[in-house]
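Colleague: Have a look; sequence and predicted model below, questions after that.
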Amino acid sequence: MINALTGLRFLAAVWIVLFHMSCVNFLDYNMGWGNMVNWGSLAYFLQWGSHAVEVFFVLSGFLMSLAHRQQFIEKIEPSQYFRFIALRLSRIYPLHLVLLLYLVAAIALGWIEQRSPFNDGIGWQLTLTQAWLPASSYNDLTWNLPAWAVSTQWAAYLLFPFFIWLIARVRWTKPRLSVAMALLVALYYVRFEGGIVAWHLGEMALTRTFICFALGMLMHEAYRLGWAVQLKWEHACFFLCFMVAAYCMEPQASKVMILVTAALVIFGLARSTGGIARVLSSRVFVYLGSLSYAIYLLQYPVMLTISRTAKPTCQWLATQASPSMRMLAALAVLVLIVLLAIPLYHCVEKPMRDAVRKLLIKQPVNKEPDSSRRNKVRKPAMK
């Protein structure tokens, strides 16, 4: 495990949550989070959070290759394939199921407003295939909307062994890798030029995920070849300034810059021992990074519940409270999401993952070989 990349996951999760709080359209029909808080100049940065999931997709492709490449480079054994799938499912499904059941219960209790037929899409949600469907298939707003990314990542996990087997067939060199990664970035730009329609459902969502996932896998090939990129503070400042300039000139270009920057930052952190890597590798950031999945999935249920159960308070914040009070309220909700993620991680996510690993992976028994026992010289007994 590369600790700095775990810390990076927390920053990406917070970025997504703050984006949803700053976005006028997200939950605006329900409580108007976007209108409630005036983020000022930060709004330009936060709106890029719509593409912060790209960080997770690229990171997932990189880490999956780092951890499982050797299992599938020669051939794909059915036993190895299903073991890999079981391990990945134990990582993403238990928490998704718990929060889905919470939404079902919350609707029944009246804590959350029901905006579509109760059974609309529940089967797709249970099988984690909700984002594989065309946008017109069903209304998923009743359920956990951010889980679309979990659904598409589940599709990427199912195909990962075949992807890695194909990548292993190529004799990669620096020029070939550079061309392949450039083609993926170009495909991303061309595919999403002019904005994303129904970005969380169907072919758009799957294409978005697969491009980023493949880019992460190719970044791992570069990592194996020994490409040396050390991420330093000045590089981070340069990337940020470049994205600002790109957005000012062409908003569509900023989406590509986020993808490219995500890939470079992940690669740089994997190799780096500098200041940024040390900060993200600290115990605090590594622990918060372990909560990132729970933070990501919790945001929608928490905000839906608050908007319904504390509706008068939300209306007061939106109409009468000062801008600073609104900002504090939004940050308080963010802190609440992080705090709620702690018990979910320790009581649901981690125990289920560890239980499946214990069942699937045989732990070596630390027994001393017979030969070593025979070769030991016995000490004479003391008289």
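Modeller: Sure thing, it's come through.
Colleague: any idea how far Trp132 lies from Gly268?
Modeller: 33 Å (Cβ to Cβ, to the nearest Å). The way it works is simple: take the backbone N, C-alpha and C, and place the C-beta from them, glycine included.
Colleague: again, but for Leu5
Modeller: Counting by Cβ to Cβ - Leu5 and Gly268 are separated by 10 Å.
Colleague: cool, and Phe162?
Modeller: Per Cβ to Cβ, Phe162 is found 29 Å from Gly268.
Colleague: Likewise for Pro175?
Modeller: 21 Å.
Colleague: Looking at these two, which is more packed in?
Modeller: Between Pro175 and Gly268, counted using other Cβ atoms under 10 Å, the more crowded position is Gly268 (21 against 8).
Colleague: Name all residues that make contact with Val55.
Modeller: Counting by Cβ atoms under 8 Å, 6 or more residues apart in numbering, Val55 makes contact with 8-9, 12, 258, 262, 265-266.
Colleague: For Leu99, state which of the residues you listed is nearest.
Modeller: Arg9 (18.3 Å; Cβ to Cβ).
Colleague: Pretty sure that closest one sits against Ser292.
Modeller: Yes - at 3.9 Å, Arg9 and Ser292 qualify as touching, with contact defined as Cβ atoms under 8 Å.
Colleague: my read: Leu280 touches Asn3, true?
Modeller: Yes - Leu280 is in contact with Asn3 according to Cβ under 8 Å; the separation is 7.2 Å.
Colleague: Look up the residues that both of those two are in contact with.
Modeller: Val286.
Colleague: ok, these two, which is more surrounded?
Modeller: Neighbour count, other Cβ under 10 Å: between Leu280 and Asn3, Leu280 has more, with 25 against 17.
Colleague: Next up, the contacts around the closest residue to that one other than its chain neighbours.
Modeller: Among residues not flanking Leu280 along the chain, Gly7 sits closest, at 3.2 Å (Cβ to Cβ, 6 or more residues apart in numbering). By Cβ under 8 Å, 6+ apart, Gly7 lies in contact with 279-282, 285-286, 288-289.
Colleague: Ala321: which of those residues is nearest?
Modeller: Leu288 (28.6 Å).
Colleague: That closest one reaches Val338, doesn't it?
Modeller: Yes - using Cβ under 8 Å as the test, Leu288 is close enough to Val338 to be in contact (7.4 Å).
Colleague: more crowded one of the two?
Modeller: Using other Cβ under 10 Å as the criterion, Leu288 and Val338 rank with Leu288 on top: 22 against 19.
Colleague: Who are the contact partners of the more buried one?
Modeller: By Cβ under 8 Å, 6+ apart, the neighbours of Leu288 are 7, 10, 338.
Colleague: do you know how far Met181 is from Phe267?
Modeller: Met181 is 10 Å from Phe267, by Cβ to Cβ.
Colleague: Same check on Leu334?
Modeller: 29 Å.
Colleague: The two: which has the busier surroundings?
Modeller: Legend: neighbour count by other Cβ under 10 Å for Leu334 and Phe267, higher for Phe267 (21 against 17).
Colleague: who does the host helix or strand of that one touch, helix- and strand-wise?
Modeller: Element membership of Phe267 [criterion: DSSP states H and E] is helix 251-271. Applying 3 or more Cβ pairs under 8 Å, 6 or more residues apart in numbering; DSSP states H and E, we find helix 251-271 packed against helix 3-22, helix 53-72, helix 174-191, helix 202-225, helix 233-249, helix 275-280.
Colleague: Identify whichever of those helices lies nearest to Leu328.
Modeller: Of all the helices and strands packed on helix 251-271, helix 3-22 comes closest under Cβ to Cβ, at 12.6 Å.
Colleague: Give me the distance between that closest one and the centre of its chain.
Modeller: Relative to its chain's centre, helix 3-22 lies at 9 Å (Cα atoms, centre = their mean, to the nearest Å).
Colleague: Low-confidence stretches in the stretch 201-350 of the chain?
Modeller: 228-254 (pLDDT under 70).
Colleague: CA atoms only for stretch 270-290 - export them in PDB, please.
Modeller: Once non-C-alpha atoms are left out, stretch 270-290 reads as follows in PDB (Å, rounded to 0.1, in the frame of the first residue of the first chain):
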ATOM      1  CA  ALA A 270       3.700   6.800  -5.800                       C
ATOM      2  CA  ARG A 271       7.400   7.800  -6.400                       C
ATOM      3  CA  SER A 272       7.700  10.800  -4.200                       C
ATOM      4  CA  THR A 273       9.200  11.100  -0.700                       C
ATOM      5  CA  GLY A 274       8.900  14.900  -0.600                       C
ATOM      6  CA  GLY A 275       6.800  17.200   1.500                       C
ATOM      7  CA  ILE A 276       3.400  16.500  -0.100                       C
ATOM      8  CA  ALA A 277       3.900  12.800   0.100                       C
ATOM      9  CA  ARG A 278       4.900  13.000   3.800                       C
ATOM     10  CA  VAL A 279       1.800  15.000   4.700                       C
ATOM     11  CA  LEU A 280      -0.500  12.700   2.900                       C
ATOM     12  CA  SER A 281       1.300   9.700   4.400                       C
ATOM     13  CA  SER A 282       0.800  10.900   7.900                       C
ATOM     14  CA  ARG A 283      -1.400   8.800  10.200                       C
ATOM     15  CA  VAL A 284      -4.200  11.400  10.200                       C
ATOM     16  CA  PHE A 285      -4.500  11.500   6.400                       C
ATOM     17  CA  VAL A 286      -4.100   7.700   6.000                       C
ATOM     18  CA  TYR A 287      -6.900   7.100   8.500                       C
ATOM     19  CA  LEU A 288      -9.100   9.700   6.800                       C
ATOM     20  CA  GLY A 289      -8.300   8.200   3.500                       C
ATOM     21  CA  SER A 290      -9.600   4.900   4.800                       C
END
